[in-house]
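1. Sharing a sequence plus its predicted fold:
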Amino acid sequence: MDSFALALEAAGKSLLGNSGDVGPGRFALSRLMLPLSSRCIMSSVADDERAQYRTLIDSLVRACREGQGRIGPDRARRGVWNPEAVARPEQMPDQHKMNILLAGLSDSDREVLAQMLAGAFRSGVHETLVILHAAAVPPFQDGYEGSPYHDFAGRMEGWSWPAS
């Protein structure tokens, strides 16, 4: 297995949405939350770990801003965790409890909860990068701004990648 596949496996199959039919250690890269142009970069520079690194960090930033990291916060802001649980509370008791909790919160309290959920997702990504860096899993051995988790934090704040 190449270093890129090892890094993806270490980051966790949930990040990639392993479809189950691609076999152990292999992932469906098309399921990454990458725009088509990024997917092309991934395949055209398979040996360029720095390009892969930047693409992966940017994918994690997008997951926080636009993907899985937005689902919980958006639900909290709407005040309904799962609309299906409203009609079938006995079939989804945990989801129904979340709906009841959210319904009892003010808009400002739901916003606080939404920010907490977004922060928890971001912290999970950060901790994953800390572990990948500590284990020296390629391409996460080194970052541009110190370490991969520093680069992730910077990109979350809108920093640009260095020219070199």
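-> In hand now; what should we look at? Numbering: from 1, shown residues only.
2. make it CA atoms for all contacts and neighbour counts henceforth
-> Fine.
3. per-residue confidence averaged over stretch 76-93?
-> Mean per-residue pLDDT for stretch 76-93: 95.
4. Contacts for it next, please.
-> For stretch 76-93, the external contacting residues (CA atoms under 8 Å, 6 or more residues apart in numbering) are 72, 75, 95-96, 98-99, 102-103, 105, 107, 110-111, 113-114.
5. Just the helices from this structure, written as ranges.
-> Here the chain has its helices, by DSSP state H, at 3-11, 13-16, 36-44, 49-65, 68-78, 83-87, 93-103, 107-134, 148-156.
6. just checking, what packs against the last one?
-> I take that to be helix 148-156. Applying 3 or more CA pairs under 8 Å, 6 or more residues apart in numbering; DSSP states H and E, one finds that helix 148-156 contacts helix 49-65, helix 107-134.
7. mind giving me CSV with these and columns for mean pLDDT?
-> As requested, the helices and strands packed on helix 148-156 are arranged in CSV below (pLDDT from 0 to 100):
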stretch, mean pLDDT
helix 49-65, 94
helix 107-134, 97
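8. Looking at those, which is nearest to Asp151?
-> Among the helices and strands packed on helix 148-156, the nearest to Asp151 by CA to CA is helix 49-65 (7.6 Å).
9. how about the closest one as CSV, C-alpha atoms only?
-> Only the C-alpha atoms of helix 49-65 are listed here, as CSV (Å, rounded to 0.1, in the frame of the first residue of the first chain):
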residue,chain,number,x,y,z
GLU,A,49,3.2,14.3,-1.5
ARG,A,50,3.1,18.0,-1.0
ALA,A,51,0.3,18.5,-3.5
GLN,A,52,-1.6,15.6,-1.9
TYR,A,53,-1.0,17.1,1.5
ARG,A,54,-2.4,20.5,0.5
THR,A,55,-5.4,18.8,-1.2
LEU,A,56,-6.1,16.7,1.9
ILE,A,57,-5.8,19.6,4.3
ASP,A,58,-8.1,21.7,2.1
SER,A,59,-10.6,18.7,1.9
LEU,A,60,-10.7,18.7,5.7
VAL,A,61,-11.3,22.4,5.8
ARG,A,62,-14.2,22.0,3.3
ALA,A,63,-15.6,19.1,5.4
CYS,A,64,-15.7,21.5,8.4
ARG,A,65,-17.2,24.5,6.4
